[in-house]
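[1] turn this into a model:
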Amino acid sequence: QVQLVESGGGLVHTGDSLRLSCAVSGLTFSHYAMGWFRQAPGKEREFVGIISKSGGSARYDDSVLGRFTIARDNAKNTVYLQMNDLIPEDTAVYYCAATSWDYYNALSTQNRYNYWGQGTQVTVSS
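    Here you go, the predicted model:
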């Protein structure tokens, strides 16, 4: 049984930092690129970023470029989303997702992701 479990969400203030984790089990972690998505109230789920299977490459949405960083530890089957300089517009439920596609072919195409976590809430107050 494949499980993706996000953690680390919470309530923070503008300018604060937060690190989300996504622990993965039930699959060969290094065979999957890992993406992060988010969904704000009343909005569609949107792409945040993705990291390659090896962790050597990553891509980000323009809205988070320079503020967010994705990293992974293949020995711990965990992917991280480091979020700095948070703003209220970052408020959303954050999801991690696993894709067997190469990261540059998956990117924001949600139906190319095989597995999804349940999400963790991030709230940024002004």
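
[2] and the strands in the protein?
    3-7, 10-13, 18-25, 33-39, 46-51, 58-60, 68-73, 78-83, 92-99, 115-116, 120-125 (DSSP state E).

[3] for the fifth one, which strands pair with it and how are they oriented?
    Think strand 46-51. Sheet pairing of strand 46-51 (DSSP bridges) gives strand 33-39 (antiparallel), strand 58-60 (antiparallel).

[4] can you lay out these as TSV showing mean pLDDT and distance to residue 46?
    From N, CA and C alone the C-beta is placed, and that goes for glycine too. Compiled in TSV, the strands paired with strand 46-51 are given as follows (pLDDT from 0 to 100; distance: least, CB to CB, whole Å):
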stretch	mean pLDDT	distance to residue 46
strand 33-39	98	6
strand 58-60	98	12
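
[5] redo the ones you listed as a markdown table? Include distance to residue 122.
    Formatted as a markdown table, these follow (distance: least, CB to CB, whole Å):
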| stretch | distance to residue 122 |
| --- | --- |
| strand 33-39 | 8 |
| strand 58-60 | 16 |
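
[6] nearest to residue 124, of those?
    Ranking the strands paired with strand 46-51 by proximity to residue 124 (CB to CB) places strand 33-39 first, at 11.6 Å.

[7] circling back: which of the strands of the chain sits most buried?
    Among the strands of the chain, strand 33-39 has the highest mean neighbour count (mean count of other CB atoms under 10 Å), at a mean of 25.

[8] and the angle from it to strand 92-99?
    Relative orientation of strand 33-39 versus strand 92-99 (axes from the mean of the first three to the mean of the last three CA atoms, to 10 degrees): 150 degrees.

[9] identify all contacting residues around strand 33-39.
    By CB atoms under 8 Å, 6 or more residues apart in numbering, the residues outside strand 33-39 that reach it are 20, 22, 24, 45-53, 68, 70, 72, 79, 81, 90, 92-103, 106-107, 110, 113, 119, 122.

[10] how does it look with 6 Å?
    45, 47-53, 79, 81, 92-99, 103, 106 (CB atoms under 6 Å, 6 or more residues apart in numbering).

[11] nothing else from me, thank you.
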